[in-house]
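1. Here's my sequence, what's the structure:
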Amino acid sequence: MKKSSAANLHIRLPAKLKREAEKVLFALGLDTSSAIRLFYAQIALGQTLPFSLPALRKASPKTRKIIAEAMADEDVLGPFDDAESALKALYAAT
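-> Here you go, the predicted structure:
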């Protein structure tokens, strides 16, 4: 039996986003599958995304201090398995 060299990709995205993107692809003469193949080829060739991402904002010294203090606090509540447990602990602490 011969193995297939193709793979399937299944994704979910908002219908409006799909429609809007497909209008652009159609205007460029591409179908969705071809556009996805191009996208994947660019990722493989460049070993990164083929577009820049916005830089993450660095935390201010004040924010870093607050985070460090919170991480060092031994009386901190949590961790929790779910939101309900967190809310119960929060209400019990007040």
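2. just for this structure, where's the confidence low?
-> Residues of the chain meeting the criterion pLDDT under 70: 1-2, 75, 93-94.
3. quick one: the helices in it?
-> Counting by DSSP state H, the chain has helices at residues 15-27, 32-46, 61-72, 83-93.
4. Distance to residue 5 for these - can I get that in CSV?
-> To be clear about C-beta, it is placed using only N, CA and C from the backbone, and glycine gets the same treatment. Formatted as CSV, those follow (distance: least, CB to CB, whole Å):
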stretch, distance to residue 5
helix 15-27, 25
helix 32-46, 13
helix 61-72, 48
helix 83-93, 45
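5. and this structure, what are its domains?
-> Listed by automatic domain parsing, the domain ranges of the chain are 15-46, 61-93.
6. can you list the ones you listed in a markdown table and add mean neighbour count and distance to residue 4?
-> Shown next, in a markdown table, are the domains of the chain (neighbours: other CB atoms under 10 Å; distance: least, CB to CB, whole Å):
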| stretch | mean neighbour count | distance to residue 4 |
| --- | --- | --- |
| domain 15-46 | 11 | 16 |
| domain 61-93 | 10 | 41 |
